[in-house]
Every structure is written in structure tokens, then in C-alpha cells.
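> The sequence isn't on hand, but the structure is:
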């Protein structure tokens, strides 16, 4: 069985973002594999280590710089990678359509997608990809067991958690708690350099038309009062309550 | 590669450093993780379970680990640099098969026993004795400053098989931790508390014949030959500590305000930071050059000593300035720089003091006709 | 037509649905459209009646298969209605479930998706929305390039709609395709213990490692949250330590909240946590470390031991009552 894990490369959470003339300036920002995607790679590796016969393919759709994140997935243990390389910024719905062609062509049966992308704060790709493929999906997945043609999962809901069972093929979106991703070993980092990384053009399966366009980006810094309340605990607590009530009017 | 190891070191090791400094314990858990990643057998070929990388990769990675915690750096440099290197170069195939996979994977930690209570850099003056008996040797004597003493499972021990022959009477033994070995209580040190250091006393401790590494009388020249790479390792370790101190000082100078502006805007601070980073970079380049030359099988005695001398003194200076930039907080255990300051100090001492490095460099000037 | 997809729990509309009505009313004039509410479930007549007080028309899809929140059957009902009424816009709450089915709806309608939006306007003949990106540090403006548009709306930002002229409810009979019912729902666990849902809470009390232990968390955070009718939030460190359940986690890998007041107790303020709460209207923090990053994003801060300050705070709040 083939397992595909979708990889994104995003700014490091600690990175400082700077405003640019248009949008934000990502120059000098450190980019890393999206932490959410690492859960997917790890889960695929664990399925294989449990004795499940699987080829793991890391797939990415994005600019040239994504290569580093793809190499990380290979260093973690993915067998090969496919990079649909493009500078065109595409919304998740359009990305899902493009990626569904690739998933079908590879005849993969299980696809992992990061639960929420750390650059666009989007959770749409996984469900949209499942829809494009005509597959079921589980989102915000925190536990996964694979049986004969069926997945049993636990996932987060608005109220808490619930168990689902869904037939394969399926899309799984990941979440913290699913597993604890490993670090790549030095020998695997070296081997990753020699693993296959296939490049495909965006129009491999025909023309692509985005559904939305980002027309502006602004760094949001909410001005905070930064007021430190002095005094002993009792005085300070009283003053805080007063300020929250009379000044901030939130109580 | 560096990025991955930095991520690991900062996430898994750095948060433990303050605790390990105050309540020292041998960091087995993180060492096992390092072993799994290949960080404890970097130079050992893959055939023996190592990562099979070169010296330049080794120093770059050792800097990362040392920047997170110097104690981890010291344990890492000893087990990578000494036992594994000696066994690779001089050990029998059986010794390599038996020990290298265990050491490279971190299942075992390796240590090296050269110094004695009354002699360090003057290794030829050692008194530990290995007496030939049927099927092996009986070791007697006391070794000092054993990194990972009591924790390590394998000790490469230098002892005299021929007491009258001076340096040429010294042999090297691979000694597995056994009952005939008595470890002293851990030394109370200025820094690097988790890199436990003890004495080790042998009382007629039997070592089988097949655990002699190399041949009888070869021990001293083996030890001397391993010094170059050991010194490059300490240079990398010093660079790691210095980098951590510089980065802490740089960030603090951007945050801390005095007289209404960040202190980095004062020339007194920014000049200091400029000097620190320049020294840091110079130390790193000397270290990388020595490693790079060793990878090309060149003799690096002078380069290794220069890197070690410069990097360790730079680390002492940079950590000193870092404490100064932090002001009162620099003197407090709530901030990491006082630990960097203490951790750095020993890099001027172990693997040959700064004085010894100067002796070596001075000698090499005339040997190599350095212009 | 503008379709508002209702969410409900315990036989009542969720607050987020009434926020959607507010958004729909604002868009209705610009789009020259009417509003239709859609209620889905197994036994939802009371909810439909409730929604009919706010919108002129309510479509009720009642079916045993809709008893559980499953993305595929919901998508089938929503897209079926949208095609039938020629919807121009579909409004969904950006809850976990809304975020789960709205991408499917968009794909099936071949429509753009405006996800987790914080404001939306009609501009010319297009919809333009703002939303957060880069871990809530950036506000981006997104234009939908075609019609219809599917939109998930961030909860707790828009005012709740007032009741209008009562509308009419009509039934709709869903029919299922083979693939709609293949996902089976098993056991459920609910967190929060009857407290207000975190994303919908006006006040959130958050606890971090500074509380010392699971017991310390329970003893300080919970009573204060109850006193304030607040939701309880945790940092990742607290969840990782096993003190609290993941359902309470706020931050990059947890929930994103924007309450009127976010009260952080013993929270250091790691950037990953800040991304889940930095849109709160007012932030107050109590931490004994004066250099904790949380104070940089706080409006009010008390440098002190939570174990001393929180009881004092509870006493001060009691005086108020």
C-alpha cells in the first residue's frame, strides 16, 4: 500500500515577521517543515514499523524552497518524494484538486495532511482533498489504528473527542497528540540526499485556476497597555478588578 | 544536518542544562537519544554502527550539543574522540566488533584513563602498572580526572607493562567495568557538573590478553596521536559554549532597557558584542580548518593546538563579557550566562592546558619552519 | 440567496449561529439576496423554530443519519440546498465541525472558500474578507474570485443578531448516496465539564506551568473560572505534563480564542501559546517572573505568586458581587 504525506514548509514559529511594501517580508526568515506535517510522516513510519507493508511518499506543492522540508521528510524515513514546484500561490481548494490528480495517479490509499497549516492558519486542505478524491476523512486525529480495509481513529470535536471508523482509502488530518515525531538520525540525513525527488510542473494535469486571491497582508500588532500593577497581593488583586471593570469594562 | 541537530539539542538538551548544573546526575536519557541519532558514533564507520561522517561534520555537531549543554559536549567528545578512535585505528577486528557498535549507539559510554593524581600533561611519568600473568594482565594503580567515571562501561586505560622503559613501556587496554575497579566520589567542580569526573583505582584488576589494544609498548604513541583530534574537539566545545553566551548576551542587549533605550544602542555594549562575535567566528574558523585538514589526512598538530588554545581562551573571554552585559543578572543563577562562564573555564585546562598548547605550537614553529 | 448553516447543541442554537445571522444580514443588501437558514439533525424542530425568529425562511433537514456530525452527509444536504436555491453565499461557523465540512462544500460547489473570516464585505461584484494567518500574527485580505462563495466565520467576533420578523420553516427530505454514510461514529468523550465552550466564552481563564501541579491548576483556575462564568484554557506544557486534557489547550496546536478578557495565570507566554490568544480584547497576566513574555502582550499584569494573588483576586471579585 502507498501512503502519501503532504508536506508544507512554513516560517519557524519563533521567526519575526516584518512588514514589506506589499504584504509581509519573508526574507531572512527561517523556514521549517510544518510541525503538523511531521505528525503525518511519523504516523506513516509507525504504521510501517508495526509491520504494515507500505511505501511512504512525501508530496509537496509549493516554491523551490520547499525542497528543504521535503528532504526533512526523506531524512525522517519517507521513501521518495514528489514536488509540484510552483511560485503560484494557490488556495487550499485549488491545491486539493491538483493534489488529488497526483494521489490518484500514484494509487495511494492513505493520505496524511497537517491539521492546520502554520502559514495560512488553514485547516481546509485535508477535507477538500478527501472530497476531491471522493474519500472519507478524519480531521484533528489524535489516534489511529489500521485494520483490514478500515481505519479506527479518535479525533477532536467541538465538544471533546469521538471515535470514528472509516473505510480505506481515506485522508487523515493530523493533530498534536497523534504521536511524538522522531528526530532524523545522522545516517538517514545523509541517505536522504540520495533518495528520489521527482519534480512535476503545476500544469501536469491541465490548467489551474485559483479560486481566491490574497490582496493584502498586514502584520497585526495589537497595542497593549503593558501596565504592571504594584502592591501586595490583596491590593494588586483589588486594583486589577477595578481596572478590568472601570477602565477595560470587561467585567 | 546542523539544523536538525540544533533543533534536537535546543529542544531536548538545553532545557535540562540548569537542572543538571544544580543537581548533577549523569544524563543517560538524553545520551541514549543522542546515540539513536548517531551523535555518539559520528566518526565511526556505518559498518560498526556509526554515522561514518568526517571530522568537519563532527566539530560542527559538537558545537551544537555544547551550545545546549557543555557537560553533554564533554561526554560526547570523550566517547566519540578517544575510545572509538583508538579502537578504530589500533584495535583488533574482534575488539572493534565487540565495542564499537555498543559505543556508537550510546548503549555504552566510553571513557579514557591517561592522567594520574600526580601527572597530567606529563603522561610518561605514570605509575599505573600492568603485570603480565597467565592469559592476561593485572592492573594496579590510580587514574584521575576520568570523565564519565563509574557511568561509562568501557575504559581505555594506559598502564606501564615495562616500568623501566619510560614512555615506551606504556600499553593500552580496553577495560570493561568490573568489580576490581574502585571509583572515587565525583569531583566537585567549578562547572560541567553532569559530566561526572572521578578517580579510578585498580587493585590487581584482571584484564584478558585479548583486551590489549595495539601491541605492548605502543600505548603512549597511540595516546599522543589521538591528542590532535581530541584538541580539535575541545576547540569545538569551547566554540559551542561561547556561541551560547554570545547569543544570550545579544538577545538580552536587545531587550534590556536603560535610560529609555535598549542597552545594545550604547556603544559600550555594542563594541563588546562586536569583539565577542569576531573572536567567536575566528575561533570557529581555526577549528574548522584544523578539522578540514585532518579530513585530508594532513598532520594537524600545530593547527589543533592553535584551535584549542584560541577557542578556549576566546570562550573564557566571551563568557566573561556575557556576564558583564547581563550586569547583576549575569551573576545570578536565574540566567544561564554564569553557567557558561564556569563551564568554559575548563576548556583552557583539559586535553592539555593552554601552556602545553603554547609549548606544542612553539615547537612546531621550528619543526615545520612556519613563516 | 444566502444560506446560513445553523449549529446547535442540546436542542438550542449555538451563539455562533446568531453571529452568522448578523453577517448574513450585512451581506444581504449588498448581494440583494434573501436569507435562508438551514437546520440539520435528527430531532431539530425546536431549533428550527428558534432560528425562524431570526431569518425569513428556515429549511429543516431532519433525518436519523444526521444525528451525528459527519462531514459527508452534511455536505450532501448543504450542497443540495445551495443548488436548489441558487445560493450566492453559504455561511458556516468556523468551529471544528464547520472547518471540517465547509471545504467539502466548497469543492463540491466548485466554489471559493473564505476560511475562518473575521470580517467580510461586498466590494464591486466580489466578496472580500479578512482572516488571520501566520499563527494569527498577520491579517490577510482575501478576495473570492467566483460565485457562489463558501465562508466559515470565526466565532465570538460578530455581535449576536436580534430577532426579526418571524419566518417560516419548511421540511426537506435528504436522500443519501452510497458514500455519504460510510463513516461510523463510535464513542464520545466530552471535555469542559459543563463549562462554557472555550471558543465562545467571553472570559477565558488560562493556566500554565507556573501553577506548579495538576492540583494547583484545579485549585486555582477552576474556581476562578466558575466565579467568572469563564472557559478554562491550558498551555501546551500543562497538557504535555498530563495535568489537563487536550480539549483545553490554546495555541498553535490547540484552539484559537479571542475572548473579551483573557486571564493568564502562571503562563510564561511562549510564542506558540500567544498565537492562540493574541486576538483577545483584554489580556491580564499574573506571573512571578517579571520577564515572562506574557507581560509583553498583557494589558494588565501583576508580578507575583499565583498562589497568593488568585485567592486575593477571588475575594476582590466577591466584594463586587
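Nice, thanks for sending it over. Fair warning: this is a prediction, and the values are worked out from it, not measured in the lab.

> And stretch B:5-14, end to end?
End-to-end distance of stretch B:5-14: 12 Å, with CA to CA, to the nearest Å as the criterion.

> what's the helix or strand for residue A:151?
strand A:150-156 (DSSP states H and E).

> Count the residues that sit near the residue of the stretch 1-150 of chain B found nearest chain C.
For the stretch 1-150 of chain B and chain C, the shortest gap (CB to the nearest CB) falls at residue B:15, measuring 10.7 Å. Where C-beta positions appear, they are placed from N, C-alpha and C, glycine not excepted. Residue B:15 has 11 neighbours, counted by other CB atoms under 10 Å in any protein chain shown.

> How much space separates it from residue A:42?
Applying CB to CB, to the nearest Å, the value for residue B:15 to residue A:42 is 21 Å.

> give the contact list for residue 85.
This is for chain A. A:62-64, A:66, A:199-202 (CB atoms under 8 Å, 6 or more residues apart in numbering or on different chains).

> hm, I was asking about chain C
Residues in contact with residue C:85, defined by CB under 8 Å, 6+ apart, are C:1, C:3, C:36.

> pretty sure the last one contacts residue C:4?
Yes. With contacts defined as CB atoms under 8 Å, residue C:36 counts as touching residue C:4 at a distance of 7.1 Å.

> quick check, residue A:172 in a helix?
No. Counting by DSSP: H, G, I helix; E, B strand; the rest coil, residue A:172 is not found in a helix; it is strand.

> Could you check how far it is from chain B?
Noted for residue A:172: a distance of 25 Å to chain B, by CB to the nearest CB, to the nearest Å.

> mind checking pLDDT for that residue?
At residue A:172, the model reports a pLDDT of 98.

> How many residues are close by the closest residue to chain B within the stretch 151-251 of chain A?
Nearest to chain B, among the residues of the stretch 151-251 of chain A, is residue A:186, at 3.4 Å (CB to the nearest CB). Applying other CB under 10 Å, we find 24 residues neighbouring residue A:186.

> Now do the contacts for the closest residue to it other than its chain neighbours.
In space, residue A:186 comes closest to residue B:38 once its chain neighbours are excluded; the distance is 3.4 Å by CB to CB, 6 or more residues apart in numbering or on different chains. If a contact means CB under 8 Å, 6+ apart, then residue B:38 has A:185-187, B:50-51, B:104 as its contacts.

> Can you flag which of those belong to helices?
A:186-187, B:104 (DSSP state H).

> Dump the residues you listed to JSON lines, plus pLDDT.
As requested, those are exported to JSON lines (pLDDT from 0 to 100):
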{"residue": "A:186", "pLDDT": "95"}
{"residue": "A:187", "pLDDT": "93"}
{"residue": "B:104", "pLDDT": "95"}
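
> what's the closest of those residues to residue A:4?
For these, the residue nearest residue A:4 by CB to CB is residue A:187; the value is 24.6 Å.

> which residues sit against the longest helix seen in chain C?
Secondary structure of chain C per DSSP H: the longest helix is helix C:15-31. The contact list for helix C:15-31 (CB under 8 Å, 6+ apart) reads C:2, C:4-8, C:33-35, C:37, C:51, C:54-55, C:88-89, C:91-93, C:95, C:120-122, C:127, C:153, C:155-161, C:200.

> Can you verify my assumption that the residue of the stretch 151-251 of chain A closest to chain B contacts residue B:58?
No. If you go by CB under 8 Å, residue A:186 and residue B:58 don't touch, sitting 10.2 Å apart.

> okay, and the common contacts of these two?
Counting by CB under 8 Å, 6+ apart, the residues touching both residue A:186 and residue B:58 are residue B:42.

> Got the domain ranges for chain A?
The domain map for chain A lists A:2-205, A:221-251, with the assignment taken from automatic domain parsing.

> hang on, residue B:26 packs against residue B:194?
Yes. If you go by CB under 8 Å, residue B:26 and residue B:194 touch, sitting 6.6 Å apart.

> residues of stretch B:320-333 that come out buried?
Of the residues in stretch B:320-333, B:320-326, B:329-330 count as buried by neighbour count, 16 or more other CB atoms under 10 Å in any protein chain shown.

> same check, this time on stretch A:177-186
A:177-179, A:181-186.

> ok, now which ones touch the residue of the stretch 51-200 of chain B found nearest chain A?
Residue nearest to chain A within the stretch 51-200 of chain B: residue B:51 (3.9 Å; CB to the nearest CB). Applying CB under 8 Å, 6+ apart to residue B:51 gives the contacts A:185-187, A:190, B:38-39, B:41-44, B:104.

> what helix or strand is whichever residue of the stretch 51-200 of chain C sits closest to chain B on?
Residue of the stretch 51-200 of chain C nearest chain B, by CB to the nearest CB: residue C:135 (18.0 Å). Using DSSP H and E, residue C:135 falls within no helix or strand.

> Could you check the angle the lengthiest strand in chain C makes with helix C:15-31?
Longest strand in chain C by number of residues, with DSSP state E as the criterion: strand C:113-123. Angle of strand C:113-123 versus helix C:15-31, following axes from the mean of the first three to the mean of the last three CA atoms, to 10 degrees, is 40 degrees.

> mind checking how far strand C:113-123 is from the chain centre?
15 Å (CA atoms, centre = their mean, to the nearest Å).

> quick one: average pLDDT of the next helix or strand after that strand?
Counting by DSSP H and E, the next helix or strand C-terminal to strand C:113-123 is strand C:126-133. What strand C:126-133 shows for mean pLDDT is 94.

> Tell me the gap between the helix or strand following strand C:126-133 and the middle of its chain.
For strand C:126-133, the following helix or strand on the C-terminal side (DSSP H and E) is strand C:138-144. Mean-position distance between strand C:138-144 and its chain equals 19 Å (CA atoms, centre = their mean).

> Next, the buried residues of whichever strand or helix holds residue A:216.
Under the criterion of DSSP H and E, residue A:216 resides in strand A:212-219. Neighbour-count burial for strand A:212-219 flags A:212, A:214, A:217, A:219 (criterion: 16+ other CB under 10 Å).

> Show me what the helix or strand that contains residue A:238 is packed against.
Using DSSP H and E, residue A:238 maps to helix A:233-242. The helices and strands touching helix A:233-242, judged by 3 or more CB pairs under 8 Å, 6 or more residues apart in numbering or on different chains; DSSP states H and E, are strand A:227-229, strand C:300-303, helix C:306-320.
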